[in-house]
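Participant: here is a sequence with its predicted model. Questions after.
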Amino acid sequence: MATLRSLKIKTSTFRRVAKELRSYEEEVGKEAAKAAVMKNRGAYLYDLKQQESVLAESRMMVPDCHKRLDAAVADLKATLVPF
């Protein structure tokens with residue numbers, strides 16, 4: 001049986017991961033816009049590659065956050081099933 005403490009922990013985990021996901025999605029949008037502006041302004045190739053690298057890292061985190069969010073939801077649902 002789930003205790004109140006474990007429910008709080010699982011709920012907090014869900015909230016934290018959901019917040020991270022929103023943050024990474026916003027970051028991807030900002031970094032993509034920044035890269036587009038750099039391309040339009042004719043930035044140095046090195047700077048543009050660095051920006052693309054930052055954007056790629058942010059894009060890689062979104063699927064990872066989705067997986068962790070799905071796991072947190074499944075864990076929370078499994079905890080709530082007895083109720």
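Facilitator: Happy to help now that I have it. Just so it is clear, the model here is predicted, and its values are computed rather than measured.
Participant: where does pLDDT dip in this structure?
Facilitator: Along the chain, the model assigns pLDDT under 70 to residues 1-2, 83.
Participant: ok, the residue nearest the centre of it - contacts?
Facilitator: Nearest to the mean C-alpha position of the chain, counting by CA atoms, centre = their mean, stands residue 21 at 2.7 Å. If a contact means CB atoms under 8 Å, 6 or more residues apart in numbering, then residue 21 has 62, 65-66, 69 as its contacts. Quick note: C-beta positions are derived from backbone N, CA and C, even for glycine.
Participant: please apply the same query to residue 59.
Facilitator: residue 28.
Participant: may I have the secondary structure class of it?
Facilitator: At residue 59, secondary structure determined by DSSP: H, G, I helix; E, B strand; the rest coil is helix.
Participant: from residue 36, how far out is it?
Facilitator: Using CB to CB, to the nearest Å, residue 59 is found at 15 Å from residue 36.
Participant: helices of this protein, start to end?
Facilitator: 4-41, 45-80 (DSSP state H).
Participant: roughly how far apart are the closest residue to residue 14 other than its chain neighbours and residue 21?
Facilitator: Leaving aside its sequence neighbours, residue 14 sits nearest to residue 72 (CB to CB, 6 or more residues apart in numbering; 4.4 Å). Distance, residue 72 to residue 21, using CB to CB: 10 Å.
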